[in-house]
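In: A structural model of the following input is requested.
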Amino acid sequence: MPDSNAASWPWVRSRLSGLRPGARPGTRHAGARAEVRTAVVTDSAAALPADYAGSLPQDGILTVTPMPVMVGPEIYGEGEDDILETIAVALAAGTQVKTSRPSPGQFEQAYRAAERRGFEAVVSVHISGELSGTADAARLAAARVGIPVEVVDTRTVGMAQGMAVQAAVEAAAAGSDCAGVAAAAVAQAARTKVFFYVPSLEQLRRGGRIGAAASLLGTMLAIKPILAVDGGRIVPLEKVRSGARAVARLEEIVVAQAAARPAGSVRLAVHHFGNPEEAESLAARLEAALPDCPPAQISSLPAVLAAHAGLGVLAVIVGRTADGPGTGAALST
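Out: Numbering: from 1, shown residues only. Below you'll find the predicted structure:
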């Protein structure tokens, strides 16, 4: 699971603290701000902090469905002990590591659980359909339950997806209906960018997330590409000749992206796999370069993404609040 770093989430916690404590969905009390009628479901590719769900003011408002990872013949779920270590050892040894979407049955269980808790609808927010069949599994499950389920393909991944989930959760906790909660997720995803660097493209090639030609180019010519998620797909952004230069260029791209957004509105997250010191160093440099931005949330990639990115990945998510600083308009990151 992603690292728990409460100090890095003041903008999340400040927004959550303004929401009423959880009564049963659909009930109203004196002084209550809104009726909470819509639940949110997501998958573990959202890379939400380990303690995030426990900090929410409404019981059952968010469900995270784990995505399975297969290491050799064994199947693991997100959150199992030492799963990232298991993946790292397997990759180093050349053992096959694969991932799969959650089953429609897993989502059906989550939707039915929300209905039993009294929610009237569900918004299901998922990893890009270009990278996984997860949203398709959610749609199959949605057709089997009695309450409305709106499935959102965020066209992104990692904490970019997670930020969309957080925006949906706040909209739901503020009393928005199903359409409003889904719109909040879609809008936040559209405001968020993903940039990353991997020392080797081989694992992305094996998983079908990047073309064989691009992988071969990186191997034969020692090219270290900067990658991005665009239109739901992983695309090469720039080609760099060394790992050190690639990390430096990644930092430059993020700083330029952040500087182009309204002051005080930018939120950052940094992901890594097996290189926490490198991630912490990058985050510290970004903090120094962007003094108006809160410190980045630093976390390990969730297992389902680590399995595809491979060891040594550094990813930076650049998000923006809905209406700039001081408005409190979104639980945005």
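In: switch to C-alpha atoms for all contacts and neighbour counts from now on
Out: Will do.
In: name the helix or strand of the protein that has the lowest mean pLDDT.
Out: Least confident helix or strand, the chain: helix 212-221 with a mean of 46, by mean pLDDT, DSSP states H and E.
In: quick check: what element follows it along the chain?
Out: Using DSSP states H and E, the helix or strand that follows helix 212-221 towards the C-terminus is strand 224-230.
In: list the neighbouring strands of that next one plus their orientation.
Out: Sheet pairing of strand 224-230 (DSSP bridges) gives strand 193-197 (antiparallel), strand 233-240 (antiparallel).
In: and the nearest residue to Ala279 once chain neighbours are set aside, bridged to which residues?
Out: Closest residue in space to Ala279, ignoring its immediate chain neighbours: His272 at 6.1 Å, by Cα to Cα, 6 or more residues apart in numbering. Beta-bridge partners for His272, by DSSP bridges, are Ser300, Leu314.
In: please apply the same query to Leu62.
Out: Taking DSSP bridges as the rule, Leu62 bridges to Val40.
In: what pLDDT does it get?
Out: Looking at Leu62, its pLDDT reads 96.
In: ok, now Ala23?
Out: Looking at Ala23, its pLDDT reads 48.
In: what do you get for the one 5 residues further on?
Out: If you check Arg28, the pLDDT there is 45.
In: pLDDT weak spots in this protein?
Out: For the chain, the stretches flagged by pLDDT under 70 are 1-34, 79-81, 202-203, 205-222, 323-333.
In: contact partners of the lengthiest helix in it?
Out: Counting residues, the longest helix found in the chain (DSSP state H) is helix 243-259. With Cα atoms under 8 Å, 6 or more residues apart in numbering as the contact definition, helix 243-259 has outside contacts at 195-197, 199, 224-226, 240, 266, 282, 286, 289-290, 314, 316, 318.
In: one more time with 7 Å
Out: Residues outside helix 243-259 that contact it (Cα atoms under 7 Å, 6 or more residues apart in numbering) are Tyr197, Pro199, Lys224, Ile226, Val240, Val266.
In: save these as a markdown table, and put in neighbour count too.
Out: Below are the contacts of helix 243-259 laid out as a markdown table (neighbours: other Cα atoms under 10 Å):
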| residue | neighbour count |
| --- | --- |
| Tyr197 | 24 |
| Pro199 | 21 |
| Lys224 | 24 |
| Ile226 | 22 |
| Val240 | 17 |
| Val266 | 25 |
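In: tell me the one of the residues you listed nearest Leu62?
Out: Val266 (24.4 Å; Cα to Cα).
In: gap between stretch 246-257 and the chain center?
Out: Put simply, stretch 246-257 sits 20 Å off its chain's centre (Cα atoms, centre = their mean, to the nearest Å).
In: over to stretch 62-76?
Out: Relative to its chain's centre, stretch 62-76 lies at 16 Å (Cα atoms, centre = their mean).
In: now do the buried residues in that stretch.
Out: The neighbour-count check on stretch 62-76 (16 or more other Cα atoms under 10 Å) flags Leu62, Thr63, Val64, Thr65, Pro66, Met67, Pro68, Val69, Met70, Val71, Tyr76 as buried.
In: how about stretch 89-107?
Out: Residues Ala90, Leu91, Val97, Lys98, Thr99, Arg101, Pro102, Ser103, Pro104, Phe107 are the ones in stretch 89-107 that count as buried (16+ other Cα under 10 Å).
In: quick check on the first one: phi, psi?
Out: What that stands for is Ala90. When read as degrees, to the nearest 10, the backbone of Ala90 gives phi -60, psi -40.
In: tell me the contacts of it?
Out: Ala90 touches Val71, counting by Cα under 7 Å, 6+ apart.
In: kindly report the same for the fifth one.
Out: Each residue near Thr99 by Cα under 7 Å, 6+ apart is listed here: Pro68, Val69, Met70, Val304.
In: spatially nearest residue to it (excluding sequence neighbours)?
Out: Val69 (4.4 Å).
In: dig out what the one you found forms beta bridges with.
Out: Tyr76, Thr99.
In: that one contacts Gln96, correct?
Out: No: applying Cα atoms under 7 Å, one finds Val69 not in contact with Gln96, separated by 10.6 Å.
In: now Arg241: closest residue in space that isn't a chain neighbour?
Out: Ile223 is the one closest to Arg241 (Cα to Cα, 6+ apart), at 5.2 Å.
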